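> Starting from these lines, generate the structure:
(one chain, ligands or ions: 1)
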Amino acid sequence: MPPLIIPFFIPHAGCPHHCLFCNQQTISGAWQQLPDTAQIREQVIDWLKRSPDRPTEVAFFGGSFTLLPRQTQEVLLDAVQPFIRQGLVQGIRISTRPDGLEAEALSFLQGCQVTTIEIGVQSLDDTVLQLAGRGHTAEQSLQAIRRVWSAGFNTGAQLLPGLPGDTPDKALQTLRGVMTAGVQFVRIYPAVVLQGTGLADLYLSGRYQPPDLVQGVATAARLLDAANKAGVPVIRIGLQADDGLTVPGALLAGCWHPALGQLVRSQLVRDLVCQKAQVLPSGSEIRLHCHPQQVSEVVGQGRTNLHFWNQAGLLISQVRPDLQLERHQLCLESLQHKMCCSVVTDYIYEE
Ligand code: SF4
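Model prediction:
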């Protein structure tokens, strides 16, 4: 069972400057005020009541945690310690910048029961980082990942494909780079243009056009495929539909959808079926079998996959739920053939 994550947003707290694309107030719907000890305790108790008996972590997201004054870090982390001592919370996760992860910071976090560190890598292309005003290099990100991983933390990377200067190939190279350096999970946030950011200025003046939904899904599908093959979980695709993001005018452009992850996983299925169907005799009527909980992803939102296959000349006559199959498996059955495949292990996109 995935852990219950109790999130606290600390928008921009600790950040040395505003990155070109970032508006944490809009993303989280929260305003820059750090929660105090009482608020943290109250919220943890509330979440634990609603979801008892689950492994639980408390998370501090949305800023550069390790660049907060040390005393502030202590106040936030201390508030969680009683729950850890009672065995009600198993760990703490934080997100921060690659340039905030020196060895001394890591040993402090270890002493405070921080177990997971998510590193805002965004890109491993120095031009992209520079254009985004990140203030650190790709090499600093790689060193941070290696240091965090070597220190024994569960290590994750947040990637942001589609920024100015980025390409789908660079995004794939970024993913491969962070996986080689040792990350154990990734989050993929395709670029969006949020009101009030430097990126919005570029977009509104016609100097930047973010990948749209179709382009962003295609890139994210390539990344997901590569992560699947490497056995690295992608724990999130796309920003959550939090209050701030759904306010009219908050989101100006880019690849966003409230169920973006499902669109991306559907596209993997779509492309895998197209690929596998090529070896069946042309004109074969095909029945697709999948795990019952995967039917909607196989069919696609608004039956988009069925329409796509139909237009591509594939005669998919039925999608049948089959409890014998794992969630990642699919079987294509025609009159003469039955072929099983997997979105996780089968080759889908060209290397
Ligand atoms: S992207 Fe990260 S480091 Fe940059 S402003 Fe946002 S929260 Fe701060």
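
> what are the ranges of the strands in the stretch 101-250 of the chain?
Ranges of strands in the stretch 101-250 of the chain, per DSSP state E, counting those that start in this stretch, are 114-122, 154-159, 185-188, 192-194, 234-237.

> Could you double-check that residue 175 lies in contact with residue 158?
No: counting by Cβ atoms under 8 Å, residue 175 does not reach residue 158; the two are 11.6 Å apart. C-beta coordinates here come from the backbone N, C-alpha and C atoms, glycine included.

> Give me the more crowded residue out of the two.
Using other Cβ atoms under 10 Å as the criterion, residue 175 and residue 158 rank with residue 175 on top: 26 against 18.

> My read is that residue 189 contacts residue 240, right?
No: applying Cβ under 8 Å as the test, residue 189 and residue 240 come out as separate, 10.0 Å apart.

> the more surrounded of those two?
When residue 189 and residue 240 are compared for neighbours, residue 189 comes out ahead with 23 against 14, by other Cβ under 10 Å.

> show me what contacts the closest residue in space to that one that isn't next to it in sequence?
Once flanking residues are discounted, residue 189 sits nearest to residue 160: 5.2 Å by Cβ to Cβ, 6 or more residues apart in numbering. Residue 160 is in contact with 21, 122-123, 189-191, counting by Cβ atoms under 8 Å, 6 or more residues apart in numbering.

> Please report phi then psi for residue 275.
Backbone torsions for residue 275, taken as degrees, to the nearest 10, come to phi -70, psi -50.

> Ends of stretch 129-148, what's the gap?
Criterion Cα to Cα, to the nearest Å; first-to-last residue distance in stretch 129-148 is 21 Å.

> which residues touch that stretch?
Defining contact as Cβ under 8 Å, 6+ apart, one finds that stretch 129-148 is touched by 16-21, 97-99, 101-103, 106, 117, 119, 121-126, 155, 157, 163-165, 177-178, 181-183, 198.

> Going by neighbour count, list what's buried in it.
Residues 129, 131-132, 134, 136, 138, 140-145, 147-148 are the ones in stretch 129-148 that count as buried (16 or more other Cβ atoms under 10 Å).

> Could you give the bridge partners of whatever residue of the stretch 251-351 of the chain ends up closest to the ligand?
Of the stretch 251-351 of the chain, the residue with the smallest distance to the ligand, taken as Cβ to the nearest ligand atom, is residue 254 at 15.1 Å. Residues in a beta bridge with residue 254, per DSSP bridges, are residue 192.

> my read: it touches residue 195, true?
No: contact between residue 254 and residue 195 fails when scored by Cβ under 8 Å: they sit 11.8 Å apart.

> Domain ranges for this protein, per the record?
4-257, 264-342 (automatic domain parsing).

> Single out the most deeply packed of those.
Neighbour counts (mean count of other Cβ atoms under 10 Å) averaged over each of these peak at domain 4-257, with a mean of 19.

> Okay, now the unreliable bits of the stretch 201-350 of the chain?
When residues are selected by pLDDT under 70, those of the stretch 201-350 of the chain lie in 243.

> give me the residue from it nearest the ligand.
residue 239 (12.2 Å).

> So what does that residue have for phi and psi?
Here is the backbone geometry of residue 239 (degrees, to the nearest 10): phi -70, psi 150.

> Wait, it touches residue 189, no?
Yes: in this structure, residue 239 is within contact of residue 189 by Cβ under 8 Å, at 5.9 Å.

> What residues does the stretch 51-200 of the chain have near the ligand?
With Cβ under 6 Å from any ligand atom as the criterion, the stretch 51-200 of the chain meets the ligand at residues 63-64, 97, 120.

> hmm, back to that, between the buried residues of stretch 129-148, which sits nearest the ligand?
The closest of these to the ligand turns out to be residue 134 (Cβ to the nearest ligand atom; 6.9 Å).

> What are the neighbouring residues in contact with the nearest residue in space to residue 221 that is not next to it in sequence?
Spatial nearest neighbour of residue 221, excluding adjacent residues (Cβ to Cβ, 6+ apart): residue 267 at 4.4 Å. With contact taken as Cβ under 8 Å, 6+ apart, residue 267 is in contact with 217-218, 221.
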